[in-house]
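Q: Show me the folded form of this:
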Amino acid sequence: QVQLVESGGGLVQTGGSLRLSCAASGRTFSRYNMGWFRQAPGKEREFVAAISRSGDSTYADSVKGRFTISRDNAKNTVYLQMNSLKPEDTAVYYCAAARSYYGHERARYDYWGQGTQVTVSS
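A: Have a look, this model is predicted:
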């Protein structure tokens, strides 16, 4: 069982930056592939970025070049650095963990956090 707690959301102006953190419980964090997803009002939850156990990463086209996912296994934490933010990035951002999957498919993640709100004003 893994518990995930996101933090770092908030209100930022267009062009600004935020760094989200996701702290995981347990001593097996390094064995999980991790992902970030987001859900805007009235829309489905969508993939943002993922990082594998070995540190490989992949991104949605909409955030490529602006967002960076990273992990610190010693701190049981995964991060999402978000730069050049746009109003369309406004959403609740969720952290997720997968035992044996690495990628963009939401249904294949095993554990989810409660989410953190990111609002980008124009």
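Q: center of the protein - which residue?
A: W36 (2.4 Å; CA atoms, centre = their mean).
Q: Wait, that residue touches C95, no?
A: Yes: counting by CB atoms under 8 Å, C95 is a contact partner of W36 at 6.1 Å. C-beta: built from backbone N, CA, C; applies to glycine.
Q: where do the contact lists of those two overlap?
A: With contacts taken as CB atoms under 8 Å, 6 or more residues apart in numbering, W36 and C95 have 20, 22, 78 as neighbours in common.
Q: between those, which is closest to S30?
A: V78 (11.0 Å; CB to CB).
Q: buried stuff in stretch 25-34?
A: Residues of stretch 25-34 classed as buried: 29, 32-34 (neighbour count, 16 or more other CB atoms under 10 Å).
Q: hmm, which two among the residues you listed are most spread apart?
A: Pairwise distances across the buried residues of stretch 25-34 (CB to CB) peak at 10.8 Å, for the pair F29 and N33.
Q: I'd assumed M82 was in contact with V118.
A: Yes: counting by CB under 8 Å, M82 is a contact partner of V118 at 7.4 Å.
Q: Would you mind telling me which of those two has the busier surroundings?
A: With neighbours defined as other CB atoms under 10 Å, V118 and M82 compare such that M82 has more, 26 against 22.
Q: What's the end-to-end length of stretch 4-13?
A: One end of stretch 4-13 sits 27 Å from the other (CA to CA, to the nearest Å).
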